[in-house]
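Q: sequence first, then the predicted structure, then my questions.
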2 protein chains.
Amino acid sequence: MKRIAESTVRRLSIYLSFLEEIGARGVLTTSSDDLARLGGTTSAQVRKDLSFFGSFGKRGLGYSVPELSAHLREILGLGRKWNVCIVGAGKIGGALARYAGFAERGFNITGMYDSDPHKLGKMYSGVAVQDIVHLERDIKSGKYQIAILTVPPENAQNIVDILVGAGIKAILSFAPLQLTTPPDVTLRTVNMAMELEGLTFALTKRSSDQQY
Amino acid sequence: MKRIAESTVRRLSIYLSFLEEIGARGVLTTSSDDLARLGGTTSAQVRKDLSFFGSFGKRGLGYSVPELSAHLREILGLGRKWNVCIVGAGKIGGALARYAGFAERGFNITGMYDSDPHKLGKMYSGVAVQDIVHLERDIKSGKYQIAILTVPPENAQNIVDILVGAGIKAILSFAPLQLTTPPDVTLRTVNMAMELEGLTFALTKRSSDQQY
DNA sequence: AGGGGCTTGTGAATTTGTTCACAAACTTAG
DNA sequence: CTAAGTTTGTGAACAAATTCACAAGCCCCT
Ligand SMILES: NC(=O)c1ccc[n+]([C@@H]2O[C@H](COP(=O)([O-])OP(=O)(O)OC[C@H]3O[C@@H](n4cnc5c(N)ncnc54)[C@H](O)[C@@H]3O)[C@@H](O)[C@H]2O)c1
Ligand SMILES: NC(=O)c1ccc[n+]([C@@H]2O[C@H](COP(=O)([O-])OP(=O)(O)OC[C@H]3O[C@@H](n4cnc5c(N)ncnc54)[C@H](O)[C@@H]3O)[C@@H](O)[C@H]2O)c1
């Protein structure tokens, strides 16, 4: 199968959430034009994105909302539930653990780990914080497919190595540094300071620009 | 000035954090090769990224760490402090308000707003939650240059409209939906569910691929 | 002072991603 | 059943981003 651009995958996510929104409102069909308008792109882009995976529409008519939703869910790997653990039961880890939005999309937070004895046993939405020493065992036993990493930056690579060594293949990190994983492990990093820097770059550039 | 790609700006942030790290360890010079290795890119890419803004290195020698750091800070608009408000004093808003990493990078959270009477007056790292009705007034008075949006998705566009109407030019949203702003307002959205979907796409694709 | 050894800065080549434009395929109306 | 009206799916054209490749510049050594 051809390599799919990350930008395409992001857009598929956007299309899907839009489809689910209008699907919930009872809309039955939609068009590449509609999807484009709400996804901030063009109808050609929508059709090209979808064309990598098959042909899901009816010419002259558009797309069936429930059908296309189902296809996109399947493509994105949302046709099943995923068990996710959170490593680092601090401020951001705690907020994520209590966030209901993940479960809605099939991501179940079924484990939390921390190294601080004061955090052990603490409950977050029905999940107790366990000692970090059990993380490796639990991953090896296949309890989780995805790990969310919310430990301080100085410990992040160490935990990544443990996760990778125990066989995890997907990690979402919030630590603001560049982590390394082998090529068969997918790592995504959410770096909020970097997002803010994108904003200040734009603010600064704008005011120094002569013409817009 | 030529248009700079978002990917370039992201990489500049990465270079900067690496420079600050090695700078703190006392390293005085570095090379495009070093920056590439730690930023997960190539040396040619590093040089090309920098070349959009000037020429900061010495041939045969590399870059002065403090000099290049200063240039990048300037380019990214970090040569000053920024005042940031958080709208929505919930789980994620609270975690962000208490996060020390922003202040380190020159982003001061100097205001928080919420519509829930129970949240009003609550303190987060020395900042009291104010009533949302005061948001517009405070932005108009120039108190903030950046707003972080952490309200439920159904209220997010409404708050964006208030922010934009009051004159804000940069917004970082955590609400998982597509928001619209006029072209002179920069909006970035952090969508964590979408990041997880990027992971499940990779997990699903990998296992269905015949060859890697 | 000159030569060897590095590393930058940058056009040119290549690759990747987006947009165009239109035939094909479907619906609906008559 | 045919014609008019839509909207898809997709090669081809275009644009953007990345990588290549090398001259230019600098340091250091002799
Ligand atoms: N809080 C935020 O809003 C925010 C924003 C952006 C980035 N981040 C990043 O997210 C990460 C967590 O931030 P936070 O604010 O939640 O910090 P925090 O200090 O509140 O939480 C970190 C948690 O990790 C635990 N921990 C430390 N080392 C560990 C280890 N080796 N194994 C297991 N657990 C360990 C600590 O006991 C603590 O509970 C940091 O990398 C931070 O830079 C946080
Ligand atoms: N918690 C997470 O980890 C997480 C993860 C991903 C995305 N998000 C998104 O971030 C946003 C906030 O999530 P949360 O978990 O913190 O929710 P939350 O319910 O804990 O907090 C939302 C806060 O916004 C306030 N609010 C609601 N309407 C408002 C308005 N009109 N004006 C001002 N304040 C208002 C509420 O009173 C509440 O305090 C949501 O859009 C959510 O989807 C959260």
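A: Now that the structure is in, tell me what you want to look at. Numbering: from 1, shown residues only, chains lettered A, B, ... in the order given. Ligands and ions are numbered 1, 2, ... in the order given.
Q: in what helix or strand does the residue nearest to the spatial centre of chain A lie?
A: Centre of chain A computed as the mean C-alpha position; nearest residue by CA atoms, centre = their mean is residue A:172, 7.4 Å away. In the assignment (DSSP states H and E), residue A:172 maps to strand A:170-173.
Q: report pLDDT for the residue lying closest to residue A:123 once chain neighbours are set aside.
A: Closest residue in space to residue A:123, ignoring its immediate chain neighbours: residue A:129 at 7.8 Å, by CB to CB, 6 or more residues apart in numbering or on different chains. (Glycine included, C-beta is placed from N, CA and C.) Residue A:129 is assigned 98 on the pLDDT scale.
Q: quick check, residue A:129 in contact with residue A:120.
A: Yes. Between residue A:129 and residue A:120 there is a contact at 5.6 Å, judged by CB atoms under 8 Å.
Q: after the strand holding residue A:172, next one along is what?
A: strand A:186-189.
Q: how about residues contacting whichever helix or strand residue A:160 is part of?
A: Using DSSP H and E, residue A:160 falls within helix A:153-166. With contact meaning CB atoms under 8 Å, 6 or more residues apart in numbering or on different chains, helix A:153-166 is reached by A:87-88, A:115, A:132, A:135-136, A:139-140, A:147, A:149, A:151, A:171, A:173, A:175-177, A:179-182, A:185, A:187.
Q: ok, which of these also contact ligand 1?
A: Applying CB under 6 Å from any ligand atom to the contacts of helix A:153-166, one finds that A:87-88, A:115, A:132, A:151, A:175-176 fall near ligand 1.
Q: domain map for chain A?
A: For chain A, automatic domain parsing gives the domain ranges A:6-75, A:82-193.
Q: let's see stretch A:48-63 as CSV, backbone CA atoms only.
A: Extracted in CSV, the C-alpha atoms of stretch A:48-63 (Å, rounded to 0.1, in the frame of the first residue of the first chain):
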residue,chain,number,x,y,z
LYS,A,48,-8.1,12.8,-3.3
ASP,A,49,-7.8,12.0,0.4
LEU,A,50,-10.6,9.4,0.2
SER,A,51,-9.3,8.0,-3.1
PHE,A,52,-6.2,6.6,-1.4
PHE,A,53,-8.5,4.1,0.4
GLY,A,54,-11.2,3.3,-2.1
SER,A,55,-14.2,4.9,-3.6
PHE,A,56,-17.0,5.5,-1.2
GLY,A,57,-19.3,8.0,-2.9
LYS,A,58,-22.0,7.9,-5.5
ARG,A,59,-21.5,10.2,-8.5
GLY,A,60,-24.1,12.7,-8.9
LEU,A,61,-25.2,12.2,-5.3
GLY,A,62,-22.4,12.4,-2.8
TYR,A,63,-21.6,10.3,0.2
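Q: is it anywhere near chain B?
A: No. For stretch A:48-63, no contact with chain B is found by CB under 8 Å from any CB of the partner chain; the gap never falls below 10.5 Å.
Q: the strand holding residue A:172 pairs with which strands, parallel or anti?
A: Strand pairing for strand A:170-173, using DSSP bridges, gives strand A:146-149 (parallel), strand A:186-189 (parallel).
Q: so for that strand, mean pLDDT?
A: Averaging pLDDT along strand A:170-173 yields 98.
Q: now do the strands in chain A.
A: Along chain A, the segments classed as strands by DSSP state E run A:29-30, A:63-64, A:82-87, A:107-114, A:123-124, A:127-131, A:146-149, A:170-173, A:186-189.
Q: now what about the fifth one, what contacts it?
A: By that I understand strand A:123-124. In contact with strand A:123-124 (CB under 8 Å, 6+ apart) are residues A:89, A:94, A:97-98, A:109, A:112, A:129.
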